[in-house]
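Trainee: here are the coordinates; sequence isn't available:
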């Protein structure tokens, strides 16, 4: 891109070339530096999952409970299994299970559970059951 | 249009600065096109998005850092003799990286692979891992879309070392696109020892085909008439396949695909990845 195929001098390099090259330098150093910082000073603790539920909505002939799963830990949770249980007292009324592909560290993913019974009439318990390290 | 490098100020010199900027803007559009063309398969590959957030951050930093000298090398070796301006090569490398980064960020955003709800770590990781092949595409676009104005100018890649470097670039690019995928792992598990040996022979045969074509085109120090078998096979094909295998094992390491595997499995995975790497090496040497 800089004009050097014709025996020109450095003064023949177009001004825009310097600007774009400077942008590239900033991006390269910035992203590599950020990754190095993550490598040496970053958090590598196990996944720590926080689950928040949204209000129950009707869905078809049943009900849908949507959740937001946030990973506050330092490592990604892959194949995360989340289980939702409807209880009445000590009896289990209905269960529903989700498997989430990846919940990266510091990120949030959404999912939903379908129930035939109305979860608002029972005790709803949602738990993360297990994950794998990719 | 040979610029004699005069320093006398005249009205034409201001015009040539505009002309240079205009030509740069045109080549920048070529770079964007090249970046998109070379990176879109990887930008649409799930495993590479995932590598963006679970790849070892030190290795990702290394991947980025190694990209810059690679780009400088491509810029230099796909350039023309006898002129040499190392500073221009470096500027071009960083410009190509900026273009690659921008293309990766734009397409990932368009495909909703990056967006709100994702951590900075995830977003930067996803862009950075894709910026490397995109930046290679941006640099290569210059060689394909531009032209030499003198037919007798030989590319620096016509020299032996330059040719080997181009093979490394091709091997790097082709293996990067495949190294992360689950299919690659599956293939290496399904293959027996006999399959592995057969794949090596096939890879060498295909590679030799490419190399023979390159020699016949007159792009190497060997004369195109009456091409001898053994010197070409040893100096170009075997050397190129060796480079392809080395690049493959490096790619497996950097994407964390060799972790927890015993030596035999790593060798098997290297030969499997070595096939696209060998294709890339041969094709790069032929086309660039």
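Mentor: Looks like it arrived, so ask away. Since this is a predicted model, take the numbers as computed values, not measurements. Numbers count the residues shown, from 1 in each chain, chains lettered A, B, ... in the order given.
Trainee: OK, now which residue of chain A is nearest to chain B?
Mentor: residue A:106 (2.9 Å; Cβ to the nearest Cβ). For the C-beta atoms, the positions are set from N, CA and C on the backbone; glycine is no exception.
Trainee: Give me the three-state assignment for that residue.
Mentor: Put simply, residue A:106 is coil when judged by DSSP: H, G, I helix; E, B strand; the rest coil.
Trainee: Tell me who's in contact with the residue nearest to it when sequence neighbours are not counted.
Mentor: Leaving aside its sequence neighbours, residue A:106 sits nearest to residue B:119 (Cβ to Cβ, 6 or more residues apart in numbering or on different chains; 2.9 Å). Shown in contact with residue B:119 (Cβ atoms under 8 Å, 6 or more residues apart in numbering or on different chains): A:104, A:105, A:106, A:107.
Trainee: Break down chain B into its helices, ranges please.
Mentor: Applying DSSP state H to chain B gives helices spanning B:11-43, B:46-54, B:57-77, B:86-110, B:120-145, B:160-179, B:182-190, B:193-216, B:229-232, B:239-254, B:263-287.
Trainee: TSV please, covering those helices and showing distance to chain A.
Mentor: Formatted as TSV, the helices of chain B follow (distance: least, Cβ to the nearest Cβ, whole Å):
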stretch	distance to chain A
helix B:11-43	4
helix B:46-54	4
helix B:57-77	4
helix B:86-110	3
helix B:120-145	4
helix B:160-179	15
helix B:182-190	11
helix B:193-216	23
helix B:229-232	30
helix B:239-254	12
helix B:263-287	17
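Trainee: Rebuild the ones you listed as JSON lines, extending it with mean neighbour count and mean pLDDT.
Mentor: Formatted as JSON lines, these follow (neighbours: other Cβ atoms under 10 Å in any protein chain shown; pLDDT from 0 to 100):
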{"stretch": "helix B:11-43", "mean neighbour count": "17", "mean pLDDT": "84"}
{"stretch": "helix B:46-54", "mean neighbour count": "21", "mean pLDDT": "91"}
{"stretch": "helix B:57-77", "mean neighbour count": "21", "mean pLDDT": "92"}
{"stretch": "helix B:86-110", "mean neighbour count": "23", "mean pLDDT": "94"}
{"stretch": "helix B:120-145", "mean neighbour count": "25", "mean pLDDT": "89"}
{"stretch": "helix B:160-179", "mean neighbour count": "24", "mean pLDDT": "91"}
{"stretch": "helix B:182-190", "mean neighbour count": "14", "mean pLDDT": "86"}
{"stretch": "helix B:193-216", "mean neighbour count": "17", "mean pLDDT": "93"}
{"stretch": "helix B:229-232", "mean neighbour count": "12", "mean pLDDT": "84"}
{"stretch": "helix B:239-254", "mean neighbour count": "22", "mean pLDDT": "95"}
{"stretch": "helix B:263-287", "mean neighbour count": "22", "mean pLDDT": "92"}
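Trainee: Which element, helix or strand, includes residue A:30?
Mentor: In the assignment (DSSP states H and E), residue A:30 maps to helix A:15-41.
Trainee: Pick out the residue nearest the middle of chain A.
Mentor: Central residue of chain A (Cα atoms, centre = their mean): residue A:107, 3.4 Å from the mean position.
Trainee: Could I get the contacting residues of it?
Mentor: Here residue A:107 is in contact with A:70, A:71, B:53, B:117, B:118, B:119, B:122 (Cβ under 8 Å, 6+ apart).
Trainee: Tell me the confidence at residue B:156?
Mentor: As predicted, residue B:156 sits at a pLDDT of 61.
Trainee: and what of residue A:121?
Mentor: If you check residue A:121, the pLDDT there is 93.
Trainee: Enumerate every residue touching it.
Mentor: Residues in contact with residue A:121 (Cβ under 8 Å, 6+ apart): none are found.
Trainee: One more: residue A:69?
Mentor: A:49, A:50, A:51, A:80, A:82, A:100, A:103, A:108, A:109, A:110, A:111, A:128.
Trainee: Please flag which of the residues you listed sit within strands.
Mentor: Among the contacts of residue A:69, the members found in strands (DSSP state E) are A:49, A:50, A:51, A:80, A:82, A:100, A:103, A:108, A:109, A:110, A:111, A:128.
Trainee: ok, back up a step: please pick the buried ones from the contacts of residue B:119.
Mentor: A:104, A:105, A:106, A:107 (16 or more other Cβ atoms under 10 Å in any protein chain shown).
Trainee: Arrange the residues you listed in JSON lines, one row each, with pLDDT as further columns.
Mentor: Converted to JSON lines, the buried ones among the contacts of residue B:119 look like this (pLDDT from 0 to 100):
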{"residue": "A:104", "pLDDT": "92"}
{"residue": "A:105", "pLDDT": "91"}
{"residue": "A:106", "pLDDT": "90"}
{"residue": "A:107", "pLDDT": "91"}
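Trainee: still on that earlier bit, looking at the contacts of residue A:107, which one is closest to residue B:177?
Mentor: residue B:53 (19.0 Å; Cβ to Cβ).
Trainee: Correct me if wrong: the closest one contacts residue A:104.
Mentor: Yes. Residue B:53 is within contact range of residue A:104, at 4.0 Å (criterion: Cβ atoms under 8 Å).
Trainee: shared neighbours, these two?
Mentor: With contacts defined as Cβ under 8 Å, 6+ apart, the residues shared by residue B:53 and residue A:104 are A:76, B:121, B:122.
Trainee: Could you export these as TSV, including distance to residue B:26?
Mentor: Formatted as TSV, those follow (distance: Cβ to Cβ, whole Å):
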residue	distance to residue B:26
A:76	43
B:121	37
B:122	36
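Trainee: with these in mind, which one is nearest to residue A:95?
Mentor: residue A:76 (26.0 Å).
Trainee: where's residue B:278 relative to residue B:247, distance?
Mentor: Computed as Cβ to Cβ, to the nearest Å, the residue B:278 to residue B:247 distance reads 10 Å.
Trainee: what sits in contact with each of the two?
Mentor: With Cβ under 8 Å, 6+ apart, residue B:278 and residue B:247 have common neighbours residue B:171.
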